[in-house]
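[1] Using only what follows, build the 3D model:
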Amino acid sequence: NRRLLVLILIVLSLIALGAAGLATGRGSVRVALDRFGIAGSRVLSPGWHLVSPASRTETLSREGEGALPPLPVTSKEGVRGNALLSFRFRVDPAALARTASFRGLGFHALMEEAASGALKEILAERSAAEFLDREALDAPLSAAVTKALERAGVGIANLKWEIRLPGDFTRNLLRSKYEALARPTGIRL
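    Numbering: from 1, shown residues only. The predicted structure is shown next:
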């Protein structure tokens with residue numbers, strides 16, 4: 001009898017908590033068709049969802065312009081910098097929700113992990129001087145980042161990227177290039 005009483009109290013408490021959440025507007029969220037939601041580490045597809053009244057819930061557009069925070073990159077010699085990525089995106093909420101659930105990561109962490117992995121794959125065996133060669137780096141870097149985010153459930157287009165290295169490295173590299181270009185002219189001043 002005591003077990004039954006505890007079970008009834010638990011069920012009634014859950015019902016009361018759910019009713020209080022619905023009455024205050026917390027505990028449920030409606031995600032519009034052109035949006036997706038984030039509740040803690042959960043990604044929510046369009047429709048109605050029950051969420052914890054304590055979790056922060058946010059709804060975002062399924063498509064638009066986006067950017068990631070600066071992502072750390074390291075050259076093969078150990079020079080550290082940051083990669084800045086911006087792009088046009090379109091989210092597949094169902095695929096994103098599956099990936100987030102499988103990886104145990106929220107939306108933002110998932111995006112950062114996917115892009116960081118792609119950057120590491122492309123940049124790990126390159127020198128810091130090669131990081132500044134946009135022409136040689138653009139195609140492989142863009143393809144790797146695009147594929148990584150697509151696997152996570154986010155299609156991207158118009159990727160713009162920049163790798164920022166420490167100022168002293170960039171100055172020394174430019175100085176070395178100019179010194180290598182210098183040729184004696186025989187003219188004395």
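[2] which residues touch V79?
    V79 makes contacts with 128, 131, 165-166, 169, as judged by C-beta atoms under 8 Å, 6 or more residues apart in numbering. Every C-beta, even on glycine, is put in place using the N, C-alpha and C of the backbone.
[3] Flag the helix or strand of the protein with the lowest per-element mean pLDDT.
    Of all the helices and strands that make up the chain, the one with the lowest confidence by mean pLDDT, DSSP states H and E is helix 167-181; it has a mean of 54.
[4] re earlier: what's the closest of the contacts of V79 to F36?
    Within the set of these, F131 lies nearest F36; the separation is 33.6 Å, counting by C-beta to C-beta.
[5] Which secondary structure element is home to L141?
    helix 134-152 (DSSP states H and E).
[6] Show me what that helix is packed against.
    helix 93-103, helix 107-123, helix 128-131, strand 154-164 (3 or more C-beta pairs under 8 Å, 6 or more residues apart in numbering; DSSP states H and E).
[7] what do you get if the cut-off is 7 Å, keeping everything else the same?
    helix 107-123, strand 154-164 (3 or more C-beta pairs under 7 Å, 6 or more residues apart in numbering; DSSP states H and E).
[8] Name the residues that touch the longest one?
    Where contact means C-beta atoms under 7 Å, 6 or more residues apart in numbering, the residues beyond helix 107-123 that reach it are 38, 43, 68, 71, 73, 75, 83, 85, 96, 99-100, 103, 105, 131, 140-141, 144-145, 148-149, 151-152, 154.
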